[in-house]
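> Sequence and predicted structure below; questions after.
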Amino acid sequence: MDYKKLGDRIKQARKAMHYSQEQLSGEIEYSVPHISHVENAKTTLSVDFLVKASNALHVSTDQLLCDSLEYASDIYQGEIMEALEDCDTRELKIISRTVIDLKKNLRENMGKDYEKNRG
């Protein structure tokens, strides 16, 4: 479990809702210091905290946990689609070319690293 990434996702979701830690505290009945410790990966969180935070922040637990899940591609694809929703045709064209180039370069570099580690 990557508690740092989980804490980051909780913090991002909280900020997307325009909640302060104090406001979230009131919603989920956990203290502000506890929320801070979770967001900064200084403590592990309970399932109760995860579910309450997920409900209060209007995100699924899968969305919060996706960095630690093996099968999270649907979540990442959804995040990409959400990021593209307000793009015009010109922006989509540029982003599409960028993603294609990025994917090609990523796979080429991963291939080189993979061969180095195998040998």
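In hand now; what should we look at? Numbers count the residues shown, from 1 in each chain.

> Low-confidence regions, this protein specifically.
Along the chain, segments meeting pLDDT under 70 span 112-119.

> in it, which spans are helices?
Applying DSSP state H to the chain gives helices spanning 3-16, 21-28, 32-39, 47-57, 61-65, 73-84, 89-118.

> Would you convert the ones you listed into a markdown table that also reports mean neighbour count?
Every C-beta, even on glycine, is put in place using the N, C-alpha and C of the backbone. Formatted as a markdown table, the helices of the chain follow (neighbours: other Cβ atoms under 10 Å):
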| stretch | mean neighbour count |
| --- | --- |
| helix 3-16 | 17 |
| helix 21-28 | 16 |
| helix 32-39 | 18 |
| helix 47-57 | 16 |
| helix 61-65 | 17 |
| helix 73-84 | 12 |
| helix 89-118 | 10 |
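
> so who does L45 touch?
By Cβ atoms under 8 Å, 6 or more residues apart in numbering, the contact list for L45 reads 3, 6, 38, 53.

> Same list (these) but as a markdown table, adding distance to E85.
Formatted as a markdown table, the contacts of L45 follow (distance: Cβ to Cβ, whole Å):
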| residue | distance to E85 |
| --- | --- |
| Y3 | 30 |
| L6 | 25 |
| V38 | 29 |
| A53 | 25 |
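
> Show me which of those is closest to S96.
L6 (30.8 Å; Cβ to Cβ).

> check contacts around that closest one.
38, 41, 45, 64-65, 67-68.

> Now V59: closest residue in space that isn't a chain neighbour?
Closest residue to V59 apart from its sequence neighbours, by Cβ to Cβ, 6 or more residues apart in numbering: A13 at 4.9 Å.

> Surely that neighbour touches N55?
No. The criterion here is Cβ atoms under 8 Å, and A13 misses it with N55 at 11.2 Å.

> thinking again about what came up before, including distance to E91, could the contacts of L6 go into JSON lines?
Below are these laid out as JSON lines (distance: Cβ to Cβ, whole Å):
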{"residue": "V38", "distance to E91": "35"}
{"residue": "A41", "distance to E91": "34"}
{"residue": "L45", "distance to E91": "37"}
{"residue": "L64", "distance to E91": "28"}
{"residue": "L65", "distance to E91": "30"}
{"residue": "D67", "distance to E91": "27"}
{"residue": "S68", "distance to E91": "32"}
